[in-house]
Each structure stands twice: as structure tokens, then as C-alpha cells.
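Novice: okay, here's the prediction I keep looking at, along with the sequence it came from:
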Amino acid sequence: MVELFRTLAWEGIQMPSNAAVKIVAEDLRLALLRLAPGGSADGLPGPRQAAESWLNIAPRDWLYCGLDCPRPDSLDMSDALVALRIDGAGAVDLLSNGVFVDWRSFPPGSCARIRLGEIAVVLHREGDHSFRLIVAAPYARYLAEWMARHV
């Protein structure tokens, strides 16, 4: 059964009301932590299904997504990045329109920098039908318009 999801009020873009996905902009603190060469990620939890996550986005780079970053040595990126949450039975189908991922080898907990349509995003799979997309703020409108066309 196709579920009804709310209008994406963000940027004034209307999503179709018959979509099998729910898309919401998340109000999160986003912070980048770059480890020194030879530095250790000990003590940083990996991606998990929770409101707060440390995402390993490069060999030495970790992106914090949560309410209050516990590391004073991280760089606050909240004004530069936008986080979107995508949930629902149609989430994989929606994302498959713009990313080339073998979903069988991208299980819940996986995170990757990837291209979606014409832009780079961080894709974090939180559950079978639950994803977080993080995009540079200047590309947020493009992403919302892309989703509206492909839902």
C-alpha cells in the first residue's frame, strides 16, 4: 500500500501526495572531524540506526550528525550542509533513479560519498527503507527538485 507523506515545505517544493516515501529536512548539527595522519578513530562510534551518528566519509574524515557534537576539535558544518531523511517502501526505488548502487552490497549502516543526479552527496543507509542524504547547502534546492521529479 502506498503511504501518503507530507508536503516538503522546505524551499516551497510540493511533493506528490501518492508517494511511497516520506522526505523531511533534519535539524541536525553537522560537524567534520579530520584525524591527523596516523590518528586513531578509537572512541568514535560508527554509523548506526540512531539520531546521532559518526559517518566515516573518507580515510581520515568523519562527519558527525546529531544534536550536539561531543568533540571540540571538530569543525561545525551545519551552515554549509543540509541533511534530508528519506523513509518508506519507495525509498530505494527513488534513490535508484539517481545513484548506481548494488543495494545488496550496501546494507543498513553503510555510508558512502556518491553522486545523485548531478551532485555529490553523502548517502547513509540507516535501515532497509531508511536513508539520510547530506548535501552541500547550495545544492539543496536541486536535490529537492530532483526528488519531486522522481517520486
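Specialist: Sure, I can see it.

Novice: and the most centrally placed residue in the chain, how far is that from His150?
Specialist: Nearest to the mean C-alpha position of the chain, counting by C-alpha atoms, centre = their mean, stands Leu133 at 1.9 Å. When distance is defined by C-beta to C-beta, to the nearest Å, Leu133 is 13 Å away from His150. Any C-beta I mention is one placed from the backbone N, CA and C, and that applies to glycine too.

Novice: what's around the residue lying closest to Ala137 once chain neighbours are set aside, how many residues?
Specialist: Spatial nearest neighbour of Ala137, excluding adjacent residues (C-beta to C-beta, 6 or more residues apart in numbering): Val82 at 5.2 Å. As a burial measure, Val82 scores 24 neighbours (other C-beta atoms under 10 Å).

Novice: centre of the chain to the helix or strand containing Val82, how far?
Specialist: Val82 belongs to strand 81-87 when assigned by DSSP states H and E. Using C-alpha atoms, centre = their mean, to the nearest Å, the mean C-alpha position of strand 81-87 is found 5 Å from that of the whole chain.

Novice: with just CA atoms, put that strand into PDB.
Specialist: Taking Å, rounded to 0.1, in the frame of the first residue of the first chain, the C-alpha atoms of strand 81-87 are listed here in PDB:
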ATOM      1  CA  LEU A  81      25.400  21.200   4.700                       C
ATOM      2  CA  VAL A  82      21.800  20.100   4.700                       C
ATOM      3  CA  ALA A  83      20.600  16.700   5.900                       C
ATOM      4  CA  LEU A  84      17.500  15.000   4.500                       C
ATOM      5  CA  ARG A  85      15.800  11.900   5.800                       C
ATOM      6  CA  ILE A  86      14.100   9.600   3.400                       C
ATOM      7  CA  ASP A  87      11.900   6.800   4.700                       C
END
